[in-house]
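Novice: would you be able to build a 3D model of this:
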Amino acid sequence: KTKFLYPRMAEGMSSPEDQNFHLDFPLTGSQAWEDIEPIAQDDGPNPIVPIAYSPHFVEVMNYFRAIMKKQEYSHRAFALTKEVIKVNPANYTGWLYRRECLMKLKLDLKKELSFIDEIARLSSKNYQLWHHRRVIVKQLGDAGEELDATTNALLEDPKNYHVWAHRQWVIRTFNLWENELKFVEQLLDKDLRNNSAWNQRFFVVQNTTDFKKEVLEREIKSTFSCLEKAPNNVSPWNYLRGLVNQQTFDMLDLVKSSAARILKIDPKCAECLSFLVDIALKFPSTQSLKVAAKMCQDLRTKLCPIRAKYWEYQEKKVRAQLEALETKENKNSSQK
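Specialist: Numbers count the residues shown, from 1 in each chain. All right, here's what the predicted structure looks like:
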């Protein structure tokens, strides 16, 4: 038995004869599907470990294969894709066929966003879902409530990579940079260890003010302020590494003095020592490399022995640079 609803149609959409085709299960024996011969999954003649699909899943997919083979882009096909996605939200083919139905039937794309929200509540870590959403938003040409949608998803899971990727695309595509740094700061106030928020901060600064001198100084001071609260938080240390790698960076004294302040708070802070070793390698001097070699020894033997091989590797690099620098200095001294 089938049901039909006739909602008011948006401009440019298809005629209202059966915009919302409601499925009643089982489909087998239904008059609305009597022209379709279901196609079973072909696992070969002797499947070794057949998957124990539920009867409902099997029926949905069997009819979906038949619809695809027929290349039918109808309202019932569109309705079937909803069930295909519900039984497996990661079904890329289901999402693709649904998009094809949407475009060919000229259905309401804004209404589709509501369906995506429904699935996102069940399966938000889903590349297919967010790719589908991007295509729909791109077709609409309007960011609409995308920032709100991604904000809600990130409140549920602040480190959802797929949501962050979609949010970045929306911001870049529709030039919605204005309040993003404030949003990032709110997330960091809530959780300083949110590495995704630190990544977003870098993305926003790089694409707005860029890392000119005054911005670099602000970011360095702000990052060390966070580190005073959680010195062994690796995320801001990595953010600092990104700042130090900027071509405009010329604040070595500020970074070193700020790091020294962290070591006063926590003299055994492995992340701070690791950062200072990297700084010594990037901006080598005889004194800084000697100190860095001692740091590597302490990290290897006392502070972080679980990564002993890594600190041994770092110490070799430090000593190689130190030897090269001392050789150069001695050569220059002998020539005077």
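Novice: in the stretch 101-250 of the chain, which spans are strands?
Specialist: For the stretch 101-250 of the chain, strands defined by DSSP state E, counting those that start in this stretch do not occur.
Novice: how about the nearest residue to Glu156 once chain neighbours are set aside, what does it touch?
Specialist: In space, and not counting its chain neighbours, Glu156 is closest to Ser124: 6.7 Å by C-beta to C-beta, 6 or more residues apart in numbering. For glycine as for every other residue, the C-beta is placed from the backbone atoms N, C-alpha and C. When contacts are counted by C-beta atoms under 8 Å, 6 or more residues apart in numbering, Ser124 is found next to Ala153, Glu156, Asp157, Asn160, His162, Val163.
Novice: make it 7 Å
Specialist: Ala153, Glu156, Asp157, Asn160, Val163 (C-beta atoms under 7 Å, 6 or more residues apart in numbering).
Novice: for the last one, which non-adjacent residue is closest in space?
Specialist: Take Val163 and drop its neighbours on the chain: the residue closest to it by C-beta to C-beta, 6+ apart is Ala153, 4.5 Å away.
Novice: count of residues packed around that neighbour?
Specialist: 22 (other C-beta atoms under 10 Å).
Novice: what's the ChimeraX line that selects buried ones from the contacts of Ser124?
Specialist: Remark: buried members of the contacts of Ser124, expressed as a ChimeraX selection using 16 or more other C-beta atoms under 10 Å:
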select :153,160,163
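Novice: the contacts of Ser124: which two are farthest apart?
Specialist: Glu156 and Val163 (9.0 Å; C-beta to C-beta).
Novice: distance check, the closest residue to Trp169 other than its chain neighbours against Arg172.
Specialist: Nearest residue to Trp169 in three dimensions, chain neighbours excluded: Arg134, at 6.0 Å (C-beta to C-beta, 6+ apart). Remark: distance between Arg134 and Arg172 (C-beta to C-beta, to the nearest Å) = 12 Å.
Novice: cool, Phe57 as well?
Specialist: From Phe57 over to Arg172 the distance is 38 Å, taken as C-beta to C-beta.
Novice: which one's more surrounded, these two?
Specialist: Higher neighbour count among Phe57 and Arg172: Phe57, with 16 against 12, using other C-beta under 10 Å.
Novice: can you report how many residues neighbour the residue nearest to Ser54 when sequence neighbours are not counted?
Specialist: Once flanking residues are discounted, Ser54 sits nearest to Val87: 8.0 Å by C-beta to C-beta, 6+ apart. Using other C-beta under 10 Å, Val87 is surrounded by 17 other residues.
Novice: looking at it, Val87 is touching Asn62, isn't it?
Specialist: No - using C-beta atoms under 7 Å, Val87 is not in contact with Asn62, being 11.9 Å away.
Novice: tell me the contacts of the residue nearest to Val163?
Specialist: By C-beta under 7 Å, 6+ apart, the residues touching Ala153 are Ala120, Ser124, Asn160, Val163.
Novice: distance to Tyr310 added to the residues you listed, as JSON lines?
Specialist: Compiled in JSON lines, these are given as follows (distance: C-beta to C-beta, whole Å):
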{"residue": "Ala120", "distance to Tyr310": "39"}
{"residue": "Ser124", "distance to Tyr310": "35"}
{"residue": "Asn160", "distance to Tyr310": "30"}
{"residue": "Val163", "distance to Tyr310": "32"}
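Novice: farthest pair in the residues you listed?
Specialist: Farthest-apart pair in the contacts of Ala153 is Ala120 and Asn160; separation 9.8 Å (C-beta to C-beta).
Novice: which one of the contacts of Ala153 is nearest to Pro26?
Specialist: Ala120 (28.0 Å).
Novice: would you list the phi and psi of Arg121?
Specialist: phi -70, psi -20 (degrees, to the nearest 10).
Novice: that one: neighbour count?
Specialist: 11.
Novice: any buried residues in the longest helix that the chain contains, and which?
Specialist: Counting residues, the longest helix found in the chain (DSSP state H) is helix 308-335. Of the residues in helix 308-335, Trp311, Gln314, Glu315, Lys317, Val318, Gln321, Leu322 count as buried by neighbour count, 16+ other C-beta under 10 Å.
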